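Undergrad: Predicted structure and sequence below. I'll ask about it afterward.
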Amino acid sequence: MRRTAQTGSGRSAEFDAIVVGAGFSGLFMLHSLRKLGLTVRVYEQGAGVGGTWYWNRYPGARCDSESVYYMFSDHMSEEILSEWTWSERYAAQPEILRYLEFVTDKMDLRRDIQFNARVASAVYDSGRGCWDIRLADGGTASARFLITAVGCLSATNTPSFPGIDTFAGESYHTGAWPHEGVDFTGKRVAVIGTGATAVQAVPEIAKQAAHVWVFQRTPNYDIPGRNRPLASDYATAVKADYKNLWQKARESGFGLPYQVVERSAVDYAPEERQAIFEAAWAKGGFYMGLETFSDYLVNKESNDTVSEFVRGKIREMVKDPATSELLAPKDHPFFTKRPPLENGYYEAFNRDNVTLLDARATPIEEITPRGVRMGEHEYEVDAIVYATGFDAMTGALFGMGITGRDGLRLRDKWRDGPRTYLGLTTHGFPNLFLITGPQSPSVLSNMPVSIEQNVEWIAGLVQYMLIHDLDAAEPAREAEDTWVAHHDEVAAATLLLGTDSWWVGANIPGKPRTLYPYVGGVGPFRVICQEVADKGYEGLVLTRHDATAPAPAG
Ligand code: NA7
């Protein structure tokens, strides 16, 4: 590969690689490419690092993977791993942001990151064999490689309720929360949505507000998080066994080093099953889904048992029978939507100042200057919190105006749903690499584990290209077709496509319905990617820019 050097002068800066986003993915990608000796520029639209953890500052925001596994492994830095100790079982947003800032400074990453820099377009120039980037402020740059590290949940979704702009009070989307925080003391608050975000925010908002109305369209199977301060001996024990635990996480289905036992709930007597459920419930966290029985996603009968167990727990926890019935999901099987972890959510409905409203039976009709109208009733509030989620996985990518070979826009290519090779590359877009892209495990995993795997695979490919003096990598159309077919086949064997969720794009009107993340598992995905690499990046067409070979077919 002929290197391009940063000019530092002239209108358009040139780099070997441009990375978009400075969250977990962008930081590790920058570090990895630097190690290869490349010039790299990271463009980040926020004023600081952190990605998701920069934007999602709503009350109660925390990770749902246990903190000790929600971090970089020694592949980033052994020193950071040993120096950093989390204070809670699930770290809160300020602590995660502090961690990412600590990593940034420790690894001296900041000098290659340009903040307040939103990429408005990214266009591939076949003649020069590079990507031309235009920033929203008019700045330009180009690079051989373009790597998206934009996160899966970064393009916020606010439903287009009639009258939304007429509201006279304060409105907030949880994914773009004011940095100075919001004081809800004494206020009447509407929270729209009951996904993982609302489940974290409602108990905290309820502690301040005069009254909170929670507008629920679909109830979820919320699992107790059982958050608590992290005992130092626990952190020490995890650190001592870190290599083993991370290896287990890398080989696991969901990127967590849990003990998955291959067994079905239907093969157990009701009392035995109950004991297994109770043990996981008491433990808290994703153990409920991952360490009880292993066939919930493919066996409805097995799933019915855990779904009923969780419904029973909700009925026990929420005192008002009508409210608990409304909170108990009946329209979809457990884990076919992301199960939120709750730390006081169900308890909140036992407070006098929290009311659950059924936005399924009586949909929100409009936002008025005074509040939210459902049917005949107008709920007058001082503030509206939109906990209405994201245009997941593709929203942020489309927002960057990515255009590949022959003027092909990514948005057009994926009009009927994403088409990728391994979720990491897509035909027609040479040297475009997607970290946690659609059709990779991404959101169906503990993100840092998938991010490290994705980044290392991309860095491995770049290194291979450097060694073999290659300029461009692009998946062959047939390789992509094969991957999409495999992805779809694995998805079709599960219950996931039958439930309306953001995993299948159902939350965004008009979005193609397909499973966006790959459900084949983190471990198997890693093996597939490694095999591809071992075979000289099989499925990718690798070319020299000055070669006479034609561009990949299609
Ligand atoms: P989610 O999980 O997409 O939740 C959004 C919520 O907003 C969900 O309860 C939606 O109901 C609700 N919603 C969306 N549009 C409407 C309208 N028009 N009316 C009423 N209610 C509506 O987003 P989160 O931010 O909570 O979580 C995203 C992920 O972040 C989470 O899964 C974790 O992986 C981390 P619906 O269920 O669609 O009926």
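TA: Okay, I see it.

Undergrad: can we go C-alpha only for contacts and neighbour counts from here?
TA: OK.

Undergrad: The residue lying closest to residue 543 once chain neighbours are set aside and residue 405: what is the separation?
TA: Using Cα to Cα, 6 or more residues apart in numbering and skipping the chain neighbours, the partner closest in space to residue 543 is residue 472 (5.2 Å). According to Cα to Cα, to the nearest Å, residue 472 stands 12 Å off from residue 405.

Undergrad: ditto for residue 117
TA: Taken as Cα to Cα, the span from residue 117 to residue 405 is 25 Å.

Undergrad: overlap in contacts of residue 472 and residue 405?
TA: residue 430 (Cα atoms under 8 Å, 6 or more residues apart in numbering).

Undergrad: Comparing these two, which shows the higher neighbour count?
TA: residue 472 (23 against 17; other Cα atoms under 10 Å).

Undergrad: now the stretch 1-150 of the chain, which segments are flagged as low pLDDT?
TA: 1-11 (pLDDT under 70).

Undergrad: how about 90 then?
TA: 1-12 (pLDDT under 90).

Undergrad: same check, this time on the chain
TA: Ranges of the chain meeting pLDDT under 90: 1-12, 231-236, 238-239, 259, 261, 545-554.

Undergrad: switch the cut-off to 70
TA: The chain contains residues with pLDDT under 70 at 1-11, 547-554.

Undergrad: Tell me the residues of it that contact the ligand?
TA: Applying Cα under 6 Å from any ligand atom, we find that the chain lies next to the ligand at 159, 192-198, 216-218, 338, 359, 387-390, 502, 507.

Undergrad: Narrow those to those in helices?
TA: 196-198 (DSSP state H).

Undergrad: okay but the residue nearest to residue 543 is in contact with residue 546, surely?
TA: No. Counting by Cα atoms under 8 Å, residue 546 is not a contact partner of residue 472; they are 10.5 Å apart.

Undergrad: check contacts around the closest residue in space to residue 354 that isn't next to it in sequence.
TA: In this structure, residue 354 finds its nearest non-sequential neighbour in residue 212, 4.8 Å apart by Cα to Cα, 6+ apart. Applying Cα under 8 Å, 6+ apart, we find residue 212 in contact with 188-191, 202, 205-206, 353-355.

Undergrad: so residue 212 sits in a strand?
TA: Yes. Under DSSP: H, G, I helix; E, B strand; the rest coil, residue 212 falls within a strand.

Undergrad: tell me which residues form a beta bridge with it?
TA: Applying DSSP bridges to residue 212 gives these bridge partners: residue 189, residue 354.

Undergrad: what about it, distance to the ligand?
TA: Plainly put, residue 212 is 15 Å away from the ligand if you go by Cα to the nearest ligand atom, to the nearest Å.

Undergrad: Likewise for residue 456?
TA: Residue 456 is 23 Å from the ligand, by Cα to the nearest ligand atom.

Undergrad: For that residue, grab the count of nearby residues.
TA: 17.

Undergrad: check contacts around it.
TA: Residue 456 neighbours (Cα under 8 Å, 6+ apart): residue 32.

Undergrad: Make sure it is indeed in a strand.
TA: No. Using three-state DSSP, the assignment for residue 456 is helix, not a strand.

Undergrad: quick one: it from residue 441, how far?
TA: Relative to residue 441, and taking Cα to Cα, residue 456 is found at 15 Å.

Undergrad: do residue 123 as well
TA: In terms of Cα to Cα, residue 123 sits 27 Å off from residue 441.

Undergrad: Which residue comes closest to the most centrally placed residue in the chain once chain neighbours are left out?
TA: What sits nearest the mean C-alpha location of the chain, by Cα atoms, centre = their mean, is residue 152, with 4.1 Å. Nearest residue to residue 152 in three dimensions, chain neighbours excluded: residue 393, at 4.3 Å (Cα to Cα, 6+ apart).

Undergrad: Number of residues surrounding that neighbour?
TA: Residues near residue 393, counting by other Cα under 10 Å: 26.

Undergrad: And it, which helix or strand is it part of?
TA: Taking DSSP states H and E as the definition, one finds residue 393 inside no helix or strand.

Undergrad: which ones are touching it?
TA: Counting by Cα under 8 Å, 6+ apart, residue 393 has contacts 151-153, 437-438, 516.

Undergrad: Partner strands of whichever helix or strand residue 365 is part of, with direction?
TA: Residue 365 belongs to strand 364-367 when assigned by DSSP H and E. If you go by DSSP bridges, strand 364-367 pairs up with strand 371-374 (antiparallel).

Undergrad: ok now the partner strand, how far from the chain's centre?
TA: 31 Å (Cα atoms, centre = their mean, to the nearest Å).

Undergrad: helices or strands up against the next helix-or-strand element following it?
TA: Heading C-terminal from strand 371-374, the first helix or strand you meet, by DSSP H and E, is strand 377-380. Applying 3 or more Cα pairs under 8 Å, 6 or more residues apart in numbering; DSSP states H and E, one finds that strand 377-380 contacts strand 371-374.

Undergrad: rewinding a little: can you tell me which of the contacts of residue 212 is closest to the ligand?
TA: Closest approach to the ligand among these (Cα to the nearest ligand atom): residue 191, at 9.2 Å.
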